[in-house]
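Trainee: next one to model:
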Amino acid sequence: MKTVLLITAVMNVFGAILFVPFVPFFRGFYGLPNNVHPLYLWIIASWIFFFGLCYLWLAITERREPLFLIIGAAGKISFSFLMVIYWLSGELPAIAAAGSLFDLFCGLFFLYYLWQTKNNKE
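Mentor: Below you'll find the predicted structure:
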């Protein structure tokens, strides 16, 4: 779990950079919209960054906060599903959907970990 949390933390830092308003190249590479007000991009970038810091904290302290992992899993899985749905509808390129598959893996891993630890307590 520690390794997945560390990788997720790093991934979230890069994900935050993707949404920083003055770095349109990265959004363009993934086919994400660039004609968005900077306020919305900063909100997304900051939330992704702060979630990354929380993943890092959980990895370093070796704490496993179930509620945070559930929220993290929901965010990662929904992000991946949205990217795939918009790719299937033709509004995003395949690279955008493919780039979200590790988020899906991490979200499912968090849920699996929580399920395993719950079953081990019973």
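
Trainee: phi first, then psi, for residue 20.
Mentor: phi -60, psi 130 (degrees, to the nearest 10).

Trainee: neighbours of it, just the number please.
Mentor: Neighbourhood size, residue 20 [other C-beta atoms under 10 Å]: 17. Where you see a C-beta, it was placed from the backbone N, CA and C, and this is true even at glycine.

Trainee: repeat that for residue 4.
Mentor: The number of residues packed near residue 4 is 15, by other C-beta under 10 Å.

Trainee: and if you look at the one 5 residues further on?
Mentor: Residue neighbour count, defined by other C-beta under 10 Å, stands at 19 for residue 9.

Trainee: now swap in residue 39 and tell me
Mentor: Residue 39 has 9 neighbouring residues, counting by other C-beta under 10 Å.

Trainee: let me see the ranges of the helices in this protein.
Mentor: Assigned by DSSP state H, the chain shows helices spanning 2-19, 24-29, 38-61, 66-88, 94-99, 101-121.

Trainee: so which elements touch the longest one?
Mentor: By that I understand helix 38-61. In terms of contacts (3 or more C-beta pairs under 8 Å, 6 or more residues apart in numbering; DSSP states H and E), helix 38-61 is packed against helix 2-19, helix 66-88.

Trainee: same check, this time on the fifth one
Mentor: Of the remaining helices and strands, those touching helix 94-99 by 3+ C-beta pairs under 8 Å, 6+ apart are helix 66-88.

Trainee: could you do the last one as well?
Mentor: Helices and strands in packing contact with helix 101-121 are listed as helix 2-19, helix 66-88; criterion 3+ C-beta pairs under 8 Å, 6+ apart.

Trainee: at 6 Å what do you get?
Mentor: helix 66-88 (3 or more C-beta pairs under 6 Å, 6 or more residues apart in numbering; DSSP states H and E).

Trainee: which parts of the helix it packs on are buried?
Mentor: Neighbour-count burial for helix 66-88, counted by 16 or more other C-beta atoms under 10 Å, picks out 68-69, 72-73, 75-77, 79-80, 83-84, 86-87.
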